[in-house]
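>>> Kindly return the folded structure for what I paste below:
(one chain, ligands or ions: 2)
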Amino acid sequence: MASVTVLGAGAWGTAFGQVLADAGNDVTMWAIEPDIVNAINTLHQNPVRLPVVNRLPDAMHATLGREEAVKDAEIIIVAIAAQFARQALDGFKGLIPPHAVVVSLMKGIERSTDKRMDQVVRETLGLPADRFACLSGPNLSKEVAQRQPAAAVAASESHSTAVKVAGIATTGYFKVFASTDVIGVEMCGSLKNVVALAVGMSRGAGFGENTAAMIETRGLAELTQLGVAAGAQAQTFAGLAGVGDLVATCGSPLSRNYTFGANLGRGMSVDEATKVSNGVAEGVPTTAAVVALGEKYGVDTPLASAMFRVLNEGISCEEMLADLFGDDMVDE
Ligand SMILES: NC(=O)C1=CN([C@@H]2O[C@H](COP(=O)(O)OP(=O)(O)OC[C@H]3O[C@@H](n4cnc5c(N)ncnc54)[C@H](OP(=O)(O)O)[C@@H]3O)[C@@H](O)[C@H]2O)C=CC1
Ligand SMILES: O=C(CO)COP(=O)(O)O
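Numbering: from 1, shown residues only. Ligands and ions are numbered 1, 2, ... in the order given. Predicted structure coming up:
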C-alpha cells in the first residue's frame with residue numbers, strides 16, 4: 001500500500017506500526033534508543049515499550065538514522081511524548097519529502113506554549129494544512145497490540161488527506177473514520193487525559209460508579225466547551241475521539257493517566273506517581289495548559305483547575321471534588 005515511517009517506538013508507536021504492517025504497508029520505525037532499534041530488527045520485539053507482542057510483523061523494521069528513516073516515506077507518523085515533540089521534530093527539519101503527509105498520534109498540549117500538537121507539528125516542519133492529519137480514538141495500546149477490534153478518527157483540513165490516512169491505517173481489526181475537524185480531534189485526545197487523572201484519583205480513593213460517572217460527564221462538558229471555543233465542532237466530542245476515548249481511558253487501568261490518578265488517590269505524591277508510571281502520563285503537563293486555554297478563551301475549567309491544584313498543591317481527592325462542585329447554584 002504505502003511506505004510509512006513511525007517516529008517514536010513507544011508503546012503506541014509500536015502498536016500502531018503493527019496495525020500499519022497488518023494493513024499491508026511497509027513500515028520503518030525510528031527511535032533514539034539503539035536497544036529498541038536492535039530489538040525490533042533482530043528479535044522482532046520491543047521488550048522495553050511493548051512486551052505484550054512476541055513477534056512484530058516482518059514488514060516492520062527500525063533505524064536510528066533520521067534521513068534514512070524518512071527519505072522514502074509517503075506517510076510519516078509522529079508518536080513521541082507531546083512535551084518532546086518539538087525538540088524531536090526539529091531534527092527532521094528539511095528531511096521530510098515534499099509530498100509526504102505527516103500524521104500525529106500524540107495526545108497532549110505543549111506546556112510552554114499551550115499549543116496543540118497539530119500546531120507544533122505544522123510549525124516545526126513548515127507543513128501546509130493539507131499535508132497534516134491527526135489520528136485519535138479509544139486505543140489503549142496493549143489491546144490494539146493484541147489485535148482486539150478498535151476504531152479511531154483521522155482528521156485533516158483536507159478531506160482527501162483524512163481519507164488517505166484512514167485507508168492506509170484500516171485493517172481487519174482496526175477501523176479508521178475520516179473527519180475534517182482537526183481542532184476537535186486534537187482537543188478530545190488531549191483533554192480527556194485530564195479527566196482520566198481525576199477519575200483514576202477518585203477510584204484510587206475508593207469512590208465508585210456515581211463519582212466516576214459524574215467526573216466523566218462534567219469533564220466531557222468542560223472539554224466540549226473549551227474545544228468549541230477553540231474552534232472545534234461540538235459533534236466531534238460525541239464521537240470516537242471524544243466520548244469514546246473518554247470511556248476507554250477513564251475505565252481502564254491500562255491507561256497511564258488513569259493509573260497515575262489512581263496512585264494519587266491511594267496517597268502517593270506526584271513525584272512517587274511519576275516514578276512508578278509505565279510511560280508518559282500526558283494529562284500531567286497538559287492540565288496546566290488546559291487551565292491557561294480556559295483563561296484565554298474565557299471558559300470555566302473547574303475540573304482542570306481542581307486537578308491543577310492536586311498536581312501543584314497536593315490537595316486531596318475530597319478537596320478536588322469539592323472544587324469541582326463549586327459553591328454556587330448553577331444550571332447544568
Ligand atoms: N499508549 C497508548 O495507549 C496511546 C498513546 N497515545 C499517545 O501517543 C503518544 C506516545 O505515547 P506512547 O507511545 O504510549 O508513550 P511511551 O511513553 O511508551 O513512549 C514515548 C515515546 O516518546 C519518545 N520520546 C520521548 N522523548 C523523546 C525525545 N526527546 N526525542 C525522541 N523521542 C522521544 C520515547 O522514546 P524512548 O523510548 O527512546 O524514550 C518513546 O518512543 C502520547 O502522546 C500518547 O498520549 C495515543 C493513543 C494510545
Ligand atoms: O490514549 C489512550 C487510549 O486511547 C491511552 O491512554 P494513556 O496515555 O493514559 O495510557
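
>>> give the contact list for residue 310.
Going by Cβ atoms under 8 Å, 6 or more residues apart in numbering, residue 310 touches 197, 201, 264, 317, 320. Placement of C-beta: from N, CA and C, glycine included.

>>> closest to ligand 2 among those?
residue 197 (8.8 Å; Cβ to the nearest ligand atom).

>>> for the closest one, helix, strand, or coil?
State at residue 197, reduced to three classes by DSSP: H, G, I helix; E, B strand; the rest coil: helix.

>>> Can you tell me the closest non-neighbouring residue to it?
residue 261 (4.0 Å; Cβ to Cβ, 6 or more residues apart in numbering).

>>> Can you check the pLDDT for the one you found?
Looking at residue 261, its pLDDT is 98.

>>> And the strands in this protein, which stretches?
Secondary structure of the chain (DSSP state E): strands located at 3-7, 26-30, 60-63, 75-78, 101-104, 109-110, 115-116, 132-136, 150-155, 174-179.

>>> Which one of the contacts of residue 310 sits in the busiest neighbourhood?
residue 197 (36 neighbours; other Cβ atoms under 10 Å).

>>> now the strands of the chain in JSON lines, with mean pLDDT and distance to residue 126?
As requested, these are exported to JSON lines (pLDDT from 0 to 100; distance: least, Cβ to Cβ, whole Å):
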{"stretch": "strand 3-7", "mean pLDDT": "98", "distance to residue 126": "16"}
{"stretch": "strand 26-30", "mean pLDDT": "98", "distance to residue 126": "19"}
{"stretch": "strand 60-63", "mean pLDDT": "98", "distance to residue 126": "23"}
{"stretch": "strand 75-78", "mean pLDDT": "98", "distance to residue 126": "14"}
{"stretch": "strand 101-104", "mean pLDDT": "98", "distance to residue 126": "11"}
{"stretch": "strand 109-110", "mean pLDDT": "97", "distance to residue 126": "17"}
{"stretch": "strand 115-116", "mean pLDDT": "98", "distance to residue 126": "15"}
{"stretch": "strand 132-136", "mean pLDDT": "98", "distance to residue 126": "11"}
{"stretch": "strand 150-155", "mean pLDDT": "98", "distance to residue 126": "20"}
{"stretch": "strand 174-179", "mean pLDDT": "98", "distance to residue 126": "24"}
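
>>> could you dump those to TSV with mean neighbour count and distance to residue 288?
Formatted as TSV, those follow (neighbours: other Cβ atoms under 10 Å; distance: least, Cβ to Cβ, whole Å):
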stretch	mean neighbour count	distance to residue 288
strand 3-7	26	25
strand 26-30	25	29
strand 60-63	21	34
strand 75-78	26	22
strand 101-104	28	20
strand 109-110	26	9
strand 115-116	23	13
strand 132-136	29	21
strand 150-155	25	25
strand 174-179	20	28
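
>>> related to what we said a few turns ago, let me see the contact set for the residue nearest to residue 197.
Per Cβ under 8 Å, 6+ apart, neighbours of residue 261: 196, 197, 198, 199, 200, 201, 202, 203, 204, 283.
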